[in-house]
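Visitor: following is a predicted model, sequence given first.
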There are 4 protein chains.
Amino acid sequence: MPSQAPNLSQPPAPALPKLLESIRNKVQQYLGQGKVAQYIPALGKIDPRKFGMAVCTVDGVCTAVGDAHEAFSIQSISKVFTLTLALRSFPDELWSRCGREPSGSRFNSLVQLEHEQGVPRNPFINAGALVVADLLTTHGANARAHLLDFMRRLSGNAGVAFDSVVARSEADTGFRNAALANFMKSYGVIKGAVPQVLDTYFHQCALAMSCVDLAKAALFLANRGTQPGLVGEVLTPVQTRRVNALMLTCGLYDAVGEFAYDVGLPAKSGVGGGIVAVVPGRLSIAVWSPELGPEGNSVLGVAALQELVESTGWGIF
Amino acid sequence: MPSQAPNLSQPPAPALPKLLESIRNKVQQYLGQGKVAQYIPALGKIDPRKFGMAVCTVDGVCTAVGDAHEAFSIQSISKVFTLTLALRSFPDELWSRCGREPSGSRFNSLVQLEHEQGVPRNPFINAGALVVADLLTTHGANARAHLLDFMRRLSGNAGVAFDSVVARSEADTGFRNAALANFMKSYGVIKGAVPQVLDTYFHQCALAMSCVDLAKAALFLANRGTQPGLVGEVLTPVQTRRVNALMLTCGLYDAVGEFAYDVGLPAKSGVGGGIVAVVPGRLSIAVWSPELGPEGNSVLGVAALQELVESTGWGIF
Amino acid sequence: MPSQAPNLSQPPAPALPKLLESIRNKVQQYLGQGKVAQYIPALGKIDPRKFGMAVCTVDGVCTAVGDAHEAFSIQSISKVFTLTLALRSFPDELWSRCGREPSGSRFNSLVQLEHEQGVPRNPFINAGALVVADLLTTHGANARAHLLDFMRRLSGNAGVAFDSVVARSEADTGFRNAALANFMKSYGVIKGAVPQVLDTYFHQCALAMSCVDLAKAALFLANRGTQPGLVGEVLTPVQTRRVNALMLTCGLYDAVGEFAYDVGLPAKSGVGGGIVAVVPGRLSIAVWSPELGPEGNSVLGVAALQELVESTGWGIF
Amino acid sequence: MPSQAPNLSQPPAPALPKLLESIRNKVQQYLGQGKVAQYIPALGKIDPRKFGMAVCTVDGVCTAVGDAHEAFSIQSISKVFTLTLALRSFPDELWSRCGREPSGSRFNSLVQLEHEQGVPRNPFINAGALVVADLLTTHGANARAHLLDFMRRLSGNAGVAFDSVVARSEADTGFRNAALANFMKSYGVIKGAVPQVLDTYFHQCALAMSCVDLAKAALFLANRGTQPGLVGEVLTPVQTRRVNALMLTCGLYDAVGEFAYDVGLPAKSGVGGGIVAVVPGRLSIAVWSPELGPEGNSVLGVAALQELVESTGWGIF
């Protein structure tokens, strides 16, 4: 049997800052190929040329490039962290109301939900994230505050906050999410009051965090559930594996298959242009560039991750 | 940065035969939990207690246990190899007629196909495999002979053959597949004559191979596309990554998410009770036990792979 | 060419009271075969043995039997009258946002709606009735008051009122309708504020009217759009034909085909147990019995209409 | 109670030839608005200016205009007559394998069929007609000959025949129908051998008949099931009502609602450009003009029926 890790060619440690810088330059060529999300005004005003990338290794060293310290709207990336909270506290209830399989449908589709009696396929489509938000909302005194505290502790940044303008915009235009929540409520899959559940959900999407914040916050996923610098486990190793597997099979909207091939890392994207990815056992990555491809994933973000994996051999396939 | 493979604890080489033997014993407890596939008589007659497992490392060493030398009906596992043939010869045509994303629907559903104008989601659902069979059938002189020769060369076993009883049974009961093929033909997605395409498909499903044959045949997928002992590449490294990514995201019917979590390896199952899995860069695995769970995957097969990964840390998450 | 009421041979006037009495007796045998709607408490408390029937001829004579003077919750029967209001005032806007074809799906399904970009199939499924409610709500000062006034004038009964207990129950449990409304709002098919639209809708369903009220109110549909005793047309003859055609093809939930065969009259049912039917050119009918069959139509109500048609030959086929 | 033909004011007999001639002239204005069916070559070659219309009253008088004596491909109109044959001989078996409700889906959709376990919604969508063809094929010695004999007797024209060129074209391009038949076979809803069932179906669609033939053949539907000139009932009065109700609710593809409103008669159309309609108690009508609207119904045919009904008040609403 081979005595070394098979699929990783190891770049020398000092190479990482240089590598990120070179990736940043390389992916500039894709600028203009995507479109900044326009569905809420606050997102549409972002400078499309923003680009940030941060990598944190499990020994706690973080490398950042570009606008990696600038906060942006993490949107659906928040689903990874609310899932983590739900898994910590009420896993049985979660899995009795939410599946763990790819959906094959748009992230906000109601069709499958009707055929499957209101039980969403996985926690990363909107319906599933609303079930998670329902769990957090109905089981705790103050879901928003609890989530905010969790994100501050994970990122080590007490300045992490909700962008209230974005949150309000989400609420003003979130009819599809309101439809999903009411629909699941009609099946009894959502237990709490719909407006409160939506409030939690719209706020989690409006979390403003930087690449550095996000890479730090996701590090436990690369480290078998333990966050460097925090006492105790965030998740057990087995739960961590679950989250990573879900990210790989369900984390990239309708481009799961393409991303698994192009990049080959567990990851979760958001329409704010961010993507968080994990190299299990090794490091976490966050990348941000606002222009989105047709499936809603950051064009430069995907390209940067692909470059990173091709340069390092960190992909899992 | 860590200087070693993070997520693999390496068992000493001699441990493998022992390990497979211990796995074999351990999974016996699940006997009786699944059901042998009954949809064709030839499959229904199999002794449900059969169990075989084989592992081949990229340096060419194979370890086998139980009934690993007994041929069984590989069924949908054949889709990996016909996909490989199609990728070698007509990748562009393939991807213009077949997607690469999880389907979220039953392997033989027509619903999605109608909504997406006859283009199947991926090559591992039946519709996609029929498109692959169509490519092989219309582009070559003798698709069946070509496939058989390919499987013999990959496995190094000139005795690999079609089970003609199974092939005939498939044809006699394959109305759903005939529906799929005719449906895609009505959209122009299938170009050849439906009966010939079905003939290819029913024969590929009726390939009889042992665990040892299959583990050997799949070894190139663990070895960046190169088959030990064969001249030249079977697939390029990039194509190999594509097949592995497709196996992880689409290879286990409706249990893709569960399997990614439980096992965490690219794999493809068949209703004959076989599963082929790949540890990229390291080794290939084939396991066989006829009793199937509700999603159509071998109960003991999945359990054995899970045991193997938990004992070795070979999972990718 | 034709100079007379088209489609009837006239039973002698005195026969009608006797006929209704005999029908009432005859259908008692079906008591206990259906179930009173339970989805809101106010409906569930109704005495299942209630039975009323009223017939009004186009010359203004009304015949009533049983509990025909007792008000009940008209529920979806209200859709006929809100459609009438919308047709009077904004037909073009209506038909640009709502189809006129049978849906083939459950009255509250979201699936078709998603496949057809939020445009409901017809005004008698819930989604379509919500579009109608949206038109009435956004175009007038006070949709509820306007509708109430309309129903009072049509029925000649100033005591017609909303049942506020029922209206509140509808709102408390109307998550599926809230889902539909939010969903259409997300497509821009609903223009008004969702809570107001739902308020109109929940109130129209909570209209309390008797069989006599309803038969009177629907008489214009049997009289080419003119209501005996009111000045001017309620609808033009052509619009009236449209409503009648919609009732026949879409008025009885999932039992349109059965009802067309069993009864063969344009009709609209409600889960309160009422059914309004029309014999074009001749008379209107209202029948009420709370027990519902599996498709949500009054069991005794359908049986009574069938008896009536079989005794008189008034069916259209 | 009723002692007379129910639903008509009678135009003086001499008016009819003049009326048909005037209708024929009037609808010429719509020429060029539709498209001749192109899916099989034999249909595509028809002169689009052909127009025929025939009316037969229940007392046996037929009036014809234009190309009413020229045979054309009746296509889906045949579904009325195969349904009649099935209703005569095996009604119970028919309704256990086929529904009686509008489908809300394209005539050749597989989606609904999958959601409803292979049982078609009604006998006028293709799937339902294939079930009917299956019944005729498996229960009789020679379904084709039996149907041909039936059509000759009903029309009184021994020259009625299958157009073998059309039948062959149907078979060559009928992949969607082959998909439907195989799909239902996989559910056990179709019992016979698929190729034989398709052969029956493709031949029934290829029946060549003139407007006069068709109006005569459909006369029993206007006459409570009895065909003038034939001994015994074709259908019972109750069965006849069933066929008429099905035609009104399911006979015009996706334009059932529009047609019920525009024309208001039970009718069945075919992509050959023919439409058969019934004025219950009074007469049967056949009209033919090859140009089809987007829903697959003859543009001039629908317009002609609408003219006829507006001139005579024969509509049922």
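Guide: Thanks, I have the structure now. Numbering: from 1, shown residues only, chains lettered A, B, ... in the order given.

Visitor: next, count neighbours for the residue in the stretch 201-317 of chain A that chain D sits nearest to.
Guide: Among the residues of the stretch 201-317 of chain A, A:Asp254 lies closest to chain D, at 20.0 Å counting by C-beta to the nearest C-beta. Using the backbone N, CA and C atoms, a C-beta is placed for each residue, glycine as well. Residues near A:Asp254, counting by other C-beta atoms under 10 Å in any protein chain shown, number 19.

Visitor: assign a three-state SS to it, would you?
Guide: helix (DSSP: H, G, I helix; E, B strand; the rest coil).

Visitor: contacts only, for the nearest residue in space to A:Cys205 that is not next to it in sequence.
Guide: Sequence neighbours aside, A:Gln75 is the residue nearest to A:Cys205 in space, at 5.0 Å (criterion: C-beta to C-beta, 6 or more residues apart in numbering or on different chains). Neighbour list for A:Gln75: A:Cys205, A:Gly270, A:Val271, A:Gly272, A:Gly274 [criterion: C-beta atoms under 8 Å, 6 or more residues apart in numbering or on different chains].

Visitor: identify the residues contacting the lowest-mean-pLDDT helix or strand in chain A?
Guide: Scoring the helices and strands of chain A by mean pLDDT, DSSP states H and E places helix A:111-115 at the bottom, with a mean of 83. Here helix A:111-115 makes contact (C-beta under 8 Å, 6+ apart) with A:103-105, A:119-121, A:127, A:180, A:183-184, B:104, C:109-111, C:114-115, D:115.

Visitor: let's see 10 Å
Guide: Helix A:111-115 is contacted by residues A:99, A:103-106, A:119-121, A:125-128, A:179-180, A:183-184, A:187, A:189, B:104-105, B:111, B:115, C:105-106, C:108-115, C:179, D:115 when judged by C-beta atoms under 10 Å, 6 or more residues apart in numbering or on different chains.

Visitor: pull the distance from that helix to the chain's centre.
Guide: Offset of helix A:111-115 from its chain centre (C-alpha atoms, centre = their mean, to the nearest Å): 24 Å.

Visitor: again, but for stretch A:248-256
Guide: 11 Å.

Visitor: give the rounded mean pLDDT of it.
Guide: Mean pLDDT, stretch A:248-256: 90.

Visitor: A:Gln227 contacts A:Lys216, doesn't it?
Guide: Yes - A:Gln227 lies in contact with A:Lys216 (C-beta atoms under 10 Å); the separation is 8.6 Å.

Visitor: shared neighbours, the two?
Guide: A:Gly60, A:Leu154, A:Ser155, A:Gly156.

Visitor: give me the neighbour count for the third one.
Guide: Burial of A:Ser155 is recorded as 22 neighbouring residues (other C-beta under 10 Å).

Visitor: show me what contacts it?
Guide: A:Phe81, A:Met209, A:Ser210, A:Val212, A:Asp213, A:Leu214, A:Ala215, A:Lys216, A:Ala217, A:Ala218, A:Leu219, A:Gln227.

Visitor: then A:Phe72?
Guide: So A:Phe72 contacts A:43, A:46, A:50, A:52, A:163, A:166, A:207-211, A:213-214, A:270, A:272-274, A:288-290 (C-beta under 10 Å, 6+ apart).

Visitor: bridging residues for it?
Guide: A:Met209 (DSSP bridges).

Visitor: still on that earlier bit, save the contacts of A:Gln75 as TSV, and put in pLDDT, distance to A:Asn142 and neighbour count too.
Guide: As requested, those are arranged in TSV below (pLDDT from 0 to 100; distance: C-beta to C-beta, whole Å; neighbours: other C-beta atoms under 10 Å in any protein chain shown):
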residue	pLDDT	distance to A:Asn142	neighbour count
A:Cys205	97	18	29
A:Gly270	96	24	28
A:Val271	95	26	24
A:Gly272	96	24	29
A:Gly274	98	25	28
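
Visitor: restricted to helices, list those.
Guide: Under the assignment DSSP state H, the contacts of A:Gln75 contribute A:Cys205 to helices.

Visitor: check contacts around the residue nearest to A:Leu292 when sequence neighbours are not counted.
Guide: Spatial nearest neighbour of A:Leu292, excluding adjacent residues (C-beta to C-beta, 6+ apart): A:Gly34 at 4.8 Å. Contacts here follow C-beta under 10 Å, 6+ apart; on that basis A:Gly34 touches A:48, A:273, A:289-294, A:296-302.

Visitor: ditto for A:Ser186
Guide: Residues counted as contacts of A:Ser186 (C-beta under 10 Å, 6+ apart) are A:Gly118, C:Asn108, C:Thr173, C:Gly174, C:Phe175, C:Arg176, C:Asn177, C:Ala178, C:Ala179, C:Leu180.

Visitor: 6 Å - rerun?
Guide: C:Phe175, C:Arg176 (C-beta atoms under 6 Å, 6 or more residues apart in numbering or on different chains).

Visitor: need the phi and psi values for A:Pro123.
Guide: For A:Pro123, the backbone dihedrals (degrees, to the nearest 10) come out as phi -80, psi 0.

Visitor: before we move on, what SS does the residue nearest to it when sequence neighbours are not counted have?
Guide: Leaving out its chain neighbours, the residue that sits closest to A:Pro123 by C-beta to C-beta, 6+ apart is A:Leu83, at 4.7 Å. When classified by three-state DSSP, A:Leu83 comes out as helix.

Visitor: hmm, A:Leu83 is touching A:Ile125, no?
Guide: No - with contact defined as C-beta atoms under 6 Å, A:Leu83 does not reach A:Ile125; the gap is 11.9 Å.

Visitor: which SS state does the residue in the stretch 101-250 of chain A that chain B sits nearest to fall under?
Guide: Here the stretch 101-250 of chain A gets closest to chain B at one residue, A:Gly104, 2.2 Å apart by C-beta to the nearest C-beta. Under three-state DSSP, A:Gly104 falls in the coil class.

Visitor: what's near enough to touch it?
Guide: B:Pro102, B:Ser103, B:Gly104, B:Ser105.

Visitor: and the second one, backbone torsions?
Guide: To tie it back to what came earlier, the one meant is B:Ser103. According to degrees, to the nearest 10, B:Ser103 has phi -100, psi -30.

Visitor: likewise for the first one?
Guide: Backbone geometry at B:Pro102, expressed as degrees, to the nearest 10, gives phi -60, psi 150.

Visitor: from B:Asp213, how far out is it?
Guide: 28 Å (C-beta to C-beta, to the nearest Å).

Visitor: quick revisit: my guess is the residue of the stretch 201-317 of chain A closest to chain D contacts A:Glu295. True?
Guide: Yes - counting by C-beta under 6 Å, A:Glu295 is a contact partner of A:Asp254 at 4.7 Å.

Visitor: would you point out which residue is most central in chain A?
Guide: A:Ile77 (2.3 Å; C-alpha atoms, centre = their mean).

Visitor: surely that one is in a helix?
Guide: Yes - A:Ile77 sits within a helix when classified using three-state DSSP.

Visitor: who's in contact with the closest residue to it other than its chain neighbours?
Guide: Spatial nearest neighbour of A:Ile77, excluding adjacent residues (C-beta to C-beta, 6+ apart): A:Gly270 at 4.2 Å. Shown in contact with A:Gly270 (C-beta under 6 Å, 6+ apart): A:Ile74, A:Gln75, A:Ser76, A:Ile77.
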